[in-house]
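Student: Please work out how this folds:
(one chain, ligands or ions: 1)
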Amino acid sequence: MFKLRCIECNEVNDEKNYTCRCGGLLEVVYDLESIEIDFKLDGNLSGVWKYRSLLPVKIEPVTLKEGSTPLYKAERISKIVGAKVYVKHEGLNPSGSFKDRGMTVGVTKAIEFGKSAVVCASTGNTSASMAMYAAKAGIKAYVLLPAGKVALGKLVQALMHGAKVVGIRGNFDDALKVVKKVCEVADMYLLNSINPYRLEGQKTIAYEISEFLVPSRVFVPIGNAGNISAIYKGFYEFKELDLIDSIPRMVGVQAEKAAPIYKAFLEKKMEIEPIKNPETVATAIRIGNPANAKKALKAIYSSKGCVEVVSDDEIIDAQKLLAKEGIGVEPASAASVAGLIKLAEKGEIEKDEEIVCIATGNLLKDPEIVLKICGEPEIVEPSVEAVLSTIKNLK
Ligand SMILES: [Zn+2]
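Tutor: Predicted structure coming up:
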């Protein structure tokens, strides 16, 4: 039905491996010709497991009804860039981010492999999602976070859903390095996005978009770079299955001071040079050494896509713009729209192109940044005069 193959040396690996003995990333590969597709692309979304025939699990899934997120037409953004722009709001998943699509598959595999504990390093969203699915499955969850650098909304989710949370004096890249070693000595199942099964769930973003259209381009914020790889894989598989006619150009967007993939792209390389101290207001993509860089670059080159960088100010402007469309997202999510606007300003977006931007996480994930941007509300006496005069003076 499927096998785990190394993207570097092509060796078929044991299905319990995270990475190949050569160090390469693993990819789930199907014998697509032998798979019987039992779903229709009819615009009826029923979540990740609608596409079970293309997911690598053998047991009943651990699910919280993830997926089926709305694809909104973004009228204002469309006007600004002169194209038809849609936003796939992944912030409306159960834990408020796209990670749930991967976790439903990842935690199911943990159960399938007989594991009673899962672990991850996280900038926040992965830990929140893993904690929820581990709770649902009744297994233990351990989380390593970069201390003081995780948005409040994400931390409280991990805590409330019962994960054991440890802060690391260091950044995400340091935490990921440690957690990989922890898994070598402790009997825990690693659920970072180097786990090839996580990306299998995330590819259903592409499947769901295909229910309605095949855009010319898809804009994706790049953090650890798993999601853009997964979305490309989803379109690629549907094309192989003749369910769609073309594969969109994949556009990755990084934050200016956390942009090793952008640099590799400019130099037309497959290898990145890690960035030591990545910085950005968009904590979810504050990653200097993206674990899935090679898969992401492969997706970008194969689809004739590109990588763009955006500043923190551009990210916040795009976050506000999305809010005006009624779409509440955390800063990292807005990077996709900020990247689109930047490409449009360079004259690279053609009129009447159909474009999808992926919004990866919910506004409530990072409430502190909102108070910094918008300020706290003014407090007045409970009288009509005080309220009216205050409202008049509000911007
Ligand atoms: Zn290998």
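Student: Got the confidence number for Gly148?
Tutor: Gly148 is assigned 86 on the pLDDT scale.
Student: Can you say which helix or strand has the closest residue to it other than its chain neighbours in it?
Tutor: Taking Cβ to Cβ, 6 or more residues apart in numbering, and ignoring the residues beside it in sequence, Gly148 has Gly167 as its nearest neighbour in space, at 7.3 Å. For every residue, glycine as well, the C-beta is placed using N, CA and C. Gly167 is part of strand 164-168, with elements assigned from DSSP states H and E.
Student: How about the next helix or strand after that strand, which residues are buried there?
Tutor: Moving toward the C-terminus from strand 164-168, the next helix or strand (DSSP H and E) is helix 172-185. By neighbour count, and taking 16 or more other Cβ atoms under 10 Å as the criterion, the buried residues in helix 172-185 are 172-176, 179-180, 183.
Student: now do stretch 33-46
Tutor: In terms of neighbour count (16+ other Cβ under 10 Å), stretch 33-46 has its buried residues at 39, 45.
Student: can you count the residues close to the residue of the stretch 101-250 of the chain found nearest the ion?
Tutor: Residue nearest to the ion within the stretch 101-250 of the chain (Cβ to the ion): Pro196, separated by 12.4 Å. Burial of Pro196 is recorded as 28 neighbouring residues (other Cβ atoms under 10 Å).
Student: Same check on Lys58?
Tutor: When neighbours are defined as other Cβ under 10 Å, Lys58 has 9 of them.
Student: likewise Glu200?
Tutor: By the measure other Cβ under 10 Å, the count of residues near Glu200 is 27.
Student: Now do the same contact list for it.
Tutor: Contacts for Glu200 were tallied using Cβ atoms under 8 Å, 6 or more residues apart in numbering; they are 28, 55-56, 102, 105, 230.
Student: Does it lie in a helix or a strand, and which?
Tutor: In this structure, Glu200 is located in helix 196-202 according to DSSP H and E.
Student: any idea of the mean pLDDT for that helix?
Tutor: According to the model, helix 196-202 has a mean pLDDT of 97.
Student: Quick check: next helix or strand after that helix?
Tutor: On the C-terminal side of helix 196-202, the nearest following helix or strand under DSSP H and E is helix 204-210.
Student: helices or strands up against that next one?
Tutor: Using 3 or more Cβ pairs under 8 Å, 6 or more residues apart in numbering; DSSP states H and E as the contact criterion, the elements in contact with helix 204-210 are strand 84-89, helix 226-240.
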